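# output the structure for:
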Amino acid sequence: MVISSPKDKYFGVWVIFFLLGLGTLLPWNFFMTATVYFTSRLKDPSADSRTNQTEAAGDHRSALEAKFNNVMTLCAMLPLLLFTCLNSFLHTIVSQRVRVMGSLLVIMVVFIVTAVLVKVPLEPLPFFSVTMVKIVIINSFGAVLQGSLFGMAGLLPASYTTPIMSGQGLAGTFAALAMICAIASGSELHDAAFGYFITACVVISVSLLSYVLLPKLEFFQFYQEKNKKQRKDDENSVNLMNEDRKQEAASETQNISMVKIFKKLWRLALSVCFTFTVTIGTFPAITADTKSTLGSWDLYFIPVSCFLLFNLCDWSGRSLTAVYMWPNKDSMLLPVLIVCRVVFVPLFMLCNVEPRLHLPVFFHHDGFFIVFMILFAFSNGYLASLCMCYGPKNVLPHEAETAGAIMAFFLSLGLALGAALSFIFRALV
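So this is what the prediction gives:
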């Protein structure tokens with residue numbers, strides 16, 4: 001007798017996965033979008049008297065200011081990759097509840113410390129070092145949170161990966177809007193930054209409370225029990241074997257199960273990896289250094305046309321997969337479209353990125369940058385979300401959680417590779 005799945009009443013589980021997806025990438029987006037605040041505290045005080053002369057000569061930023069975007073991206077993505085890999089082992093020895101709640105609590109503490117440090121004067125080098133340590137911490141625990149979340153979603157119908165991806169997309173939009181509001185308020189930069197980081201603490205608290213409610217929902221309970229029953233049936237089938245066969249089966253399970261699962265979804269795993277390699281190789285290391293050629297909206301150009309526009313279009317692309325999924329998971333068109341995105345790297349490099357040493361500016365007008373950003377961001381969100389939705393559905397139901405963790409690992413691998421390549425791309429401009 002087949003037991004039918006209960007309904008997700010009032011889309012409660014969908015909303016909670018959306019909020020958890022929001023909490024997963026919100027910390028990184030809040031740090032990335034606040035680059036104006038961070039770089040303002042990295043200025044070399046002794047250089048103030050030389051500002052006019054150095055402005056005429058070109059780049060007048062201090063060494064710490066100049067390398068902030070690249071080092072920030074690297075300090076974010078390498079721990080993300082390492083801890084996503086570790087999470088594939090952690091999920092067997094540390095309970096889901098401890099991994100998710102523990103990660104959210106640590107991230108919230110880091111943001112509280114960040115808000116406090118807004119009011120504490122520090123020299124540029126110590127401030128730079130402390131900021132990078134905080135970025136390492138939030139992305140380490142963010143990786144555990146993200147891997148756990150995709151593993152949980154792998155147990156549910158395919159459509160429940162979409163709210164995670166959509167929530168992650170909204171995280172950037174929310175961070176960009178919060179920064180624009182902080183600038184528009186007319187407050188001093190430090191006062192605006194304090195309110196900005198406190199806002200992040202509130203949102204992470206909401207994500208934490210939503211996770212506490214998740215196990216109480218019937219729809220989620222049904223799929224959790226279904227997974228436990230599947231695992232128990234597998235164990236019972238092994239117990240019926242003789243001892244020699246048991247040891248052989250256990251050895252096979254440990255040694256080749258991950259390989260078998262990877263063979264089923266390697267194309268999707270490499271596709272999502274390449275998607276984020278191109279994205280992070282370009283954004284924000286190159287895009288955040290682009291200057292407006294119109295001059296009338298310098299203060300808002302990067303917050304609006306870089307961060308807000310990217311995150312709105314990325315979110316739109318991720319959300320579209322909830323109602324429309326094309327091409328299908330076996331189509332060769334999907335990896336072809338993903339490889340074609342590499343064209344965005346030279347397009348952004350030829351925009352008005354400052355300072356520059358090698359390449360000419362070919363796309364002077366702000367309109368070119370905005371059009372490129374819309375296409376770049378939308379394709380990132382849509383194609384990455386397709387890969388993440390298809391991945392766990394390419395394997396057997398009891399392999400779905402492991403498949404979700406593998407896909408999350410390759411997503412993080414793409415982020416780390418992109419972070420490393422961003423140094424090369426930026427140096428070529």
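
# which stretch of helix or strand covers the nearest residue to residue 309 once chain neighbours are set aside?
Excluding the flanking residues, the one nearest residue 309 by C-beta to C-beta, 6 or more residues apart in numbering is residue 373, at 5.1 Å. The C-beta positions use only the backbone N, C-alpha and C, and glycine is treated the same way. Using DSSP states H and E, residue 373 sits within helix 366-390.

# got a pLDDT number for the residue nearest to residue 309?
Listed pLDDT for residue 373 reads 97.

# so what would you say the end-to-end distance of stretch 360-371 is?
With C-alpha to C-alpha, to the nearest Å as the measure, the ends of stretch 360-371 fall 19 Å from one another.

# give me the distance from it to the chain's centre.
27 Å (C-alpha atoms, centre = their mean, to the nearest Å).

# buried sites along the helix holding residue 373?
Residues 366, 368-369, 372-374, 376-390 are the ones in helix 366-390 that count as buried (16 or more other C-beta atoms under 10 Å).

# any idea which helix or strand comes after that helix?
helix 400-428.

# that older thread, these two touch, right, the residue nearest to residue 309 and residue 305?
Yes: if you go by C-beta atoms under 8 Å, residue 373 and residue 305 touch, sitting 6.4 Å apart.

# residue 191: how many residues sit nearby?
14 (other C-beta atoms under 10 Å).

# so what's it up against?
Residues near residue 191 by C-beta atoms under 8 Å, 6 or more residues apart in numbering: none.

# work out for me the element it sits within.
Counting by DSSP H and E, residue 191 is found in helix 189-213.

# select the helix or strand of the protein having the lowest average pLDDT value.
Least confident element among the helices and strands of the chain, by mean pLDDT, DSSP states H and E: helix 51-57 (a mean of 44).

# how about residue 148, what does it touch?
87, 91, 96, 99-100, 103.

# ok, the residues you listed vs residue 25, which is closest?
residue 103 (12.7 Å; C-beta to C-beta).

# tell me which helix or strand the closest one sits in.
Applying DSSP H and E, one finds residue 103 within helix 96-117.

# which parts of that helix are buried?
96, 99-100, 103-104, 106-108, 110-111, 114-115, 117.

# before we move on, what about stretch 184-194?
Buried-residue list, stretch 184-194, by 16+ other C-beta under 10 Å: 192-194.

# pLDDT-wise, what's the bottom of the contacts of residue 148?
Out of these, that is residue 91, at 70.

# wait, isn't that one in contact with residue 408?
No: applying C-beta under 8 Å, one finds residue 91 not in contact with residue 408, separated by 10.7 Å.

# which residues do these two both contact?
With C-beta under 8 Å, 6+ apart as the test, residue 91 and residue 408 both reach 147, 151.

# average model confidence for the helix or strand hosting residue 300?
If you go by DSSP H and E, residue 300 is part of helix 298-301. Mean pLDDT, computed over helix 298-301, is 84.

# residues in contact with that helix?
By C-beta under 8 Å, 6+ apart, helix 298-301 touches 180, 183, 290-292, 366.

# same check, this time on stretch 268-277
262, 329, 334-335, 338-339, 341, 380, 383-384, 387-388, 390-391, 394, 406-407, 409-411, 413-415, 417-418, 421.

# quick one: contacts for residue 224?
Contacts of residue 224 (C-beta under 8 Å, 6+ apart): 155, 215.

# what's the distance between it and residue 123?
51 Å (C-beta to C-beta, to the nearest Å).

# quick one: distance of the helix holding residue 373 to the chain centre.
14 Å.

# same check, this time on stretch 340-347
In terms of C-alpha atoms, centre = their mean, the centre of stretch 340-347 is set 20 Å apart from its chain centre.

# list the buried ones in that stretch?
Those would be 341, 344-345, 347, for stretch 340-347 by 16+ other C-beta under 10 Å.

# tell me which of these fall in helices.
Applying DSSP state H to those, the entries found in helices are 344-345, 347.

# how close does the closest residue in space to residue 375 that isn't next to it in sequence get to residue 116?
Closest residue in space to residue 375, ignoring its immediate chain neighbours: residue 344 at 7.5 Å, by C-beta to C-beta, 6+ apart. For residue 344, the distance to residue 116 equals 39 Å [C-beta to C-beta].

# just residue 365 next, same as before
Distance from residue 365 to residue 116, by C-beta to C-beta: 43 Å.

# residue 385 too?
In terms of C-beta to C-beta, residue 385 sits 36 Å off from residue 116.

# tell me where the stretch 51-200 of the chain has helices.
Taking DSSP state H, counting those that start in this stretch as the test, the helices found in the stretch 51-200 of the chain are 51-57, 63-93, 96-117, 124-154, 162-184, 189-213.

# so which of the ones you listed is nearest residue 398?
Using C-beta to C-beta, the nearest of the helices of the stretch 51-200 of the chain to residue 398 is helix 124-154, at 10.2 Å.

# in the chain, which segments are predicted with low confidence?
Within the chain, the stretches with pLDDT under 70 are 1-3, 45-60, 88, 227, 231-256.

# centroid residue for it?
Closest residue to the average C-alpha location of the chain: residue 25 at 4.9 Å, with C-alpha atoms, centre = their mean.

# where's that one, which helix or strand?
Applying DSSP H and E, one finds residue 25 within helix 12-33.

# can you name the secondary structure element that comes next after that helix?
Toward the C-terminus from helix 12-33 - assigned by DSSP H and E - lies helix 35-40.

# buried residues of that following helix, list them for me.
35-39.

# packing partners for it?
Applying 3 or more C-beta pairs under 8 Å, 6 or more residues apart in numbering; DSSP states H and E, we find helix 35-40 packed against helix 63-93, helix 189-213.
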